[in-house]
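1. this one's sequence-less:
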Ligand code: DP6
């Protein structure tokens, strides 16, 4: 049996990926920039059945065996790896997230990054992180960025080979914190995959894509200079621009809950009224990610936890790229 286990961190995008130029290859309409998370990760063991006895892939997530329907995305990804290695073997895959589902942390980013690296390692496919990034992208765009630690840019490129993430700075470069405020009364997350296709139906998409080049430049500069006051306004602007595109798509995607707005208003009040350097971003869900320097995190956590609509707060530092582990989950 060929087996490997990998831990990969999720990531939070400062400039978002929303909308695809090529839906089969997941080539995006624009670059995106993210921070890989140390404290929100997926650990995955892939064991290939070289005997050929196993008829289907087996997927166990957080201790629960997944139905064939729920394993479809995983099997499609394994098909790509099987194609590369020229084998027909099925696999046992066991995954564990150290963060709750529906926490507003993207498990597909860490999950597909870990699956790609573990699956290839167990097959003996020798690939550098750039190739692995391209492979992970095929099943989850944001997973391409989790192939590197720290601060990462996914260059949209124009082909399977060059639409890949590149590392900007390692995790030690800037001691930022991501505090995820989990909003109560949450509705089920609408899939991002469908959302990327809808983006083109929004009359606001072109506005965002026209401006995003300048915003990427601003975020690169802010990270280089470790300047939270430069980073913050542009990440808020891009998150609001992405949600404007979502809201004005046909059909409209409205991810926010009343609690989402309560947090956005509070963040602006804390900043403008009390000078607390904290800024928000929001992915495809109602939960809000608050970004601040490490020294501000305890104060931000106390204030967040006191808000009526905040169910829990999950805090993460910048983290490393995927790591091979010696201990397997199977
Ligand atoms: C809003 O297609 O990577 O988080 O469907 O969960 O794989 P999954 O997500 P993906 O889209 C992510 C969209 C986003 C913004 C971002 O992370 O850049």
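-> Good, I have the coordinates. These figures come from a predicted structure and were not determined experimentally.

2. for residue 41, which residues are in contact?
-> Going by Cβ atoms under 8 Å, 6 or more residues apart in numbering, residue 41 touches 7-10, 97-99, 110, 114, 319. Where C-beta positions appear, they are placed from N, C-alpha and C, glycine not excepted.

3. which phi and psi values does residue 180 adopt?
-> phi -90, psi 120 (degrees, to the nearest 10).

4. use 303 as the first number for this chain going forward.
-> Taking 303 as the first residue, the last one we looked at is residue 482.

5. show me which of the contacts of residue 343 has the smallest pLDDT value.
-> Lowest pLDDT of these: residue 401, 94.

6. quickly find the element holding that one.
-> Here residue 401, judged by DSSP states H and E, is contained in no helix and no strand.

7. quick check: it vs the ligand, distance?
-> 14 Å (Cβ to the nearest ligand atom, to the nearest Å).

8. list the contacts for the nearest residue to that residue once chain neighbours are set aside?
-> In space, and not counting its chain neighbours, residue 401 is closest to residue 342: 4.6 Å by Cβ to Cβ, 6 or more residues apart in numbering. Applying Cβ under 8 Å, 6+ apart, we find residue 342 in contact with 311-312, 399-401, 405, 407, 412, 482, 616, 618.

9. what's the nearest residue to residue 621 if we skip its chain neighbours?
-> Leaving aside its sequence neighbours, residue 621 sits nearest to residue 340 (Cβ to Cβ, 6+ apart; 2.9 Å).

10. for whatever helix or strand the one you found lives in, what is the distance to the chain centroid?
-> Using DSSP H and E, residue 340 sits within strand 334-350. Averaging C-alpha positions (Cα atoms, centre = their mean, to the nearest Å) puts strand 334-350 9 Å from its chain's average.

11. show me which residues of the stretch 403-552 of the chain sit near the ligand.
-> Residues of the stretch 403-552 of the chain lying near the ligand by Cβ under 6 Å from any ligand atom: 408, 410, 442-444, 493-495, 498.

12. and these as TSV, adding secondary structure, neighbour count and pLDDT?
-> Output for those, formatted as TSV (DSSP: H, G, I helix; E, B strand; the rest coil; neighbours: other Cβ atoms under 10 Å; pLDDT from 0 to 100):
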residue	secondary structure	neighbour count	pLDDT
408	coil	28	88
410	helix	21	96
442	coil	25	97
443	helix	27	98
444	helix	29	98
493	coil	11	77
494	helix	18	87
495	helix	15	86
498	helix	20	97
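
13. now, which of the residues you listed sits nearest residue 389?
-> Nearest to residue 389, judged by Cβ to Cβ, of these is residue 442 at 22.9 Å.

14. and the gap between the closest one and residue 427?
-> Between residue 442 and residue 427 the computed distance is 19 Å (Cβ to Cβ, to the nearest Å).

15. before we move on, what about residue 330?
-> 25 Å.

16. neighbour count: the two, which is higher?
-> residue 330 (25 against 14; other Cβ atoms under 10 Å).

17. so what's that one bridging to?
-> Assessed by DSSP bridges, residue 330 has beta-bridge partners residue 322.

18. the strands in the stretch 403-552 of the chain, which residues?
-> 453-457, 466-471, 478-485 (DSSP state E, counting those that start in this stretch).
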